[in-house]
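K.L.:
How does the following fold in three dimensions:
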Amino acid sequence: MGQDEAGTLATLRTCRRELIDPKIAEHRGRIVKTTGDGLLVEFASVVDALRCAVEVQQAMSDRNADVAPGQQIAFRIGINVGDIVVEDGDIFGDGVNVAARLEALAEPGGISVSARVQEDAYGKLDVAFDDTGEHRLKNIARSVRVYRVSRDTAAASRTAPNLPLPDKPSIVVLPFQNMSGDPEQDYFADGVVEDITAALCRVRDFFVIARNSAFTYKGRAVPAQQVSRELGVRYLIEGSVRKGGNRVRITAQLIDASSGNHLWADRYEGAMTDIFDLQDRITEAVVGAIQPSVRWAEIERSRRKRPESLDAYDFVLRAYPSVWSLERVANAEALSLLNQAIAIEPDYPLALALSAWCHAQQVVYNWATEPAHLRAEALRLAQAAAAVGGEDPTILTVLGAAHTIVRNYDIAARLLERALALDANSAWAWNRSGWLQSYLGNHDVSIEHFERALRLSPLDPMNFNVLIGIGCAHFAAGRYADAVHWIEKGLLDRPTATWVYRALVPALSLLGRHEDARACLRQLLDEYPDLTISKVVSALVFSQPTLDRMAEGLRLAGMPE
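P.N.:
Model (predicted):
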């Protein structure tokens, strides 16, 4: 608009007249209202809405093929299913508001949909859905799981990744069904899966897919063979959890995905106070069915230090999804829940460790008004966790991360090495080690560790952080074009991660792409209006020469000192 207002408006009108309005009519949609360069459209069928969106985006991509990049028009589309209020032909309500927020989350030329849309449309269209995790949306009380419709939708649905099987027993624990009749109990069923996964991860003879990738299958009916191909594993664990009053019942079954055969199934029932024993019995049964030669000591070693209070455990389970979102609002929510857990049980190591990681996030993502205080608090909490649970890989990884942000690199390296010795399946420990190696200047080792994290959790919604890590390793090595490539891939996976522009802007500047760098800087300062070069440099913990080059790139783009 700034370069050619009349031409842009003419192109928009042409797109409406020749493509968008006819497609909406073809798929039985109703244009409720226009909003500047946007539209609010109502469909009677979610399949019609999604088919219309896909066809519009494919047609726009074809139109843009021969148009110069600076003159292309790209639309974002958000789709939601929900109740609405109709008044004078207009529509209102949370269903509409969520759709608007989803549109903002979509990348240019992309489509974002809510979990309900994915659920209703799954298998009815030749499209692929990528789970981007739970999101806190502005003015929406609940978190919303968001899926991205793959840009090359038809090809993506036909050509799922086919990962080779590791040379050891490989397994994924899929999300258990919540059979309690109360959707609010989903977090408890998820917690059971988290604990079983953590125990299996520490059996050295196994290759175990990380929880975050496993949870991309939540609410989806996917054939065992497809899961096996997409994750590169032989065995699947499925199950359900029913919690009622003070009783809990867990069913579990082990499937050989290569044949589809059920190897083992059982039901476990007891009082809520027996929950950890029930989970241990499932772990033991799975290990015994897959690898009878595994020593009993290996299973004993896999057990975490258990909390004394089930109330504290409950708060940690509720906090878990928000801890890993790497979003500012979710971080605050996680800290609130973890503080309640710690108030009940001050020496609960997992609660202390996760709280430490939330404090560390506030520092490294420039969310903190008092970063020095939060650095010290992150280290204090991590050390307190390690004092009572020092052989837990998650706790060692958090302590390594806390030492990293205060530049105790040697201590951090030893802690992460120990965490990986205890749990070579920890995608997060490999992730943190990737960042540390980048800070230490071991750029190629850093990329190897990030790639290991991707293999252990190939569908992880947090993989945007890994892609950005690979980009930052390239930046530190002076490979700016590679840095831009990987950082932009990370941003496509998580467009709302505005803090990423702290690395993208200097990479673009040092490549000589000054106009692009200034455009990205504007997006960064929209989210962080008070951000300065000194604040960025103080938050990041790269080597001084790397920080100097980042500062130079930010300065070239026009960021205040």
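
K.L.:
which residues touch Tyr235?
P.N.:
169-172, 254-257, 263, 290 (CB atoms under 8 Å, 6 or more residues apart in numbering). Where C-beta positions appear, they are placed from N, C-alpha and C, glycine not excepted.

K.L.:
from those, which is closest to Ala551?
P.N.:
Val172 (43.1 Å; CB to CB).

K.L.:
Touching, the closest one and Leu231? I think so.
P.N.:
Yes: counting by CB atoms under 8 Å, Leu231 is a contact partner of Val172 at 5.4 Å.

K.L.:
and stretch 208-216, which residues are buried?
P.N.:
Buried residues in stretch 208-216, counted by 16 or more other CB atoms under 10 Å: 208-216.

K.L.:
Ok, stretch 264-281 next?
P.N.:
Buried residues in stretch 264-281, counted by 16+ other CB under 10 Å: 268, 272, 275, 278-281.

K.L.:
What of stretch 214-224?
P.N.:
Residues of stretch 214-224 classed as buried: 214-220, 224 (neighbour count, 16+ other CB under 10 Å).

K.L.:
Likewise for stretch 238-250?
P.N.:
238-243, 248-250.

K.L.:
center of the chain, which residue is that?
P.N.:
Residue closest to the mean C-alpha point of the chain, counted by CA atoms, centre = their mean, is Pro461 at 2.7 Å.

K.L.:
Looks like that residue contacts Gly133 (just checking).
P.N.:
Yes: the criterion here is CB under 8 Å, and Pro461 meets it with Gly133 at 3.5 Å.

K.L.:
Wait, Pro393 touches Arg202, no?
P.N.:
Yes: the pair Pro393 / Arg202 is scored as a contact, 6.9 Å apart, by CB under 8 Å.

K.L.:
what touches both of those two?
P.N.:
Common neighbours of Pro393 and Arg202, using CB under 8 Å, 6+ apart, are 422-423.

K.L.:
Tell me who's in contact with the closest residue to Leu511 other than its chain neighbours.
P.N.:
Distances taken as CB to CB, 6 or more residues apart in numbering put Tyr480 closest to Leu511, at 4.8 Å, once the chain neighbours are dropped. Residues near Tyr480 by CB under 8 Å, 6+ apart: 474, 507, 510-511.

K.L.:
from these, which would you call buried?
P.N.:
By neighbour count, with 16+ other CB under 10 Å, the contacts of Tyr480 hold 474, 507, 510 as buried.

K.L.:
Out of these, list just those in helices.
P.N.:
Among those, the ones falling in helices (DSSP state H) are 474, 507, 510.

K.L.:
where does the stretch 251-400 of the chain dip in pLDDT?
P.N.:
Low-confidence segments of the stretch 251-400 of the chain, defined by pLDDT under 70: 291-306.

K.L.:
try 80
P.N.:
For the stretch 251-400 of the chain, applying pLDDT under 80 flags the ranges 258-260, 274, 276, 279-281, 283-308, 324-325, 389-391.

K.L.:
And the helices in it?
P.N.:
Applying DSSP state H, counting those that start in this stretch to the stretch 251-400 of the chain gives helices spanning 275-290, 296-301, 310-323, 328-344, 349-364, 371-389, 393-405.

K.L.:
how far out from the middle of the chain is the first one?
P.N.:
Translated: helix 275-290. Counting by CA atoms, centre = their mean, to the nearest Å, helix 275-290 is centred 28 Å from the centre of its parent chain.

K.L.:
who does it touch, helix- and strand-wise?
P.N.:
Secondary-structure packing of helix 275-290 (3 or more CB pairs under 8 Å, 6 or more residues apart in numbering; DSSP states H and E): helix 186-201, strand 235-244, strand 247-256, strand 261-271, helix 296-301.

K.L.:
JSON lines please, covering the ones you listed and showing distance to Val117.
P.N.:
As requested, the helices and strands packed on helix 275-290 are exported to JSON lines (distance: least, CB to CB, whole Å):
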{"stretch": "helix 186-201", "distance to Val117": "19"}
{"stretch": "strand 235-244", "distance to Val117": "24"}
{"stretch": "strand 247-256", "distance to Val117": "29"}
{"stretch": "strand 261-271", "distance to Val117": "32"}
{"stretch": "helix 296-301", "distance to Val117": "42"}
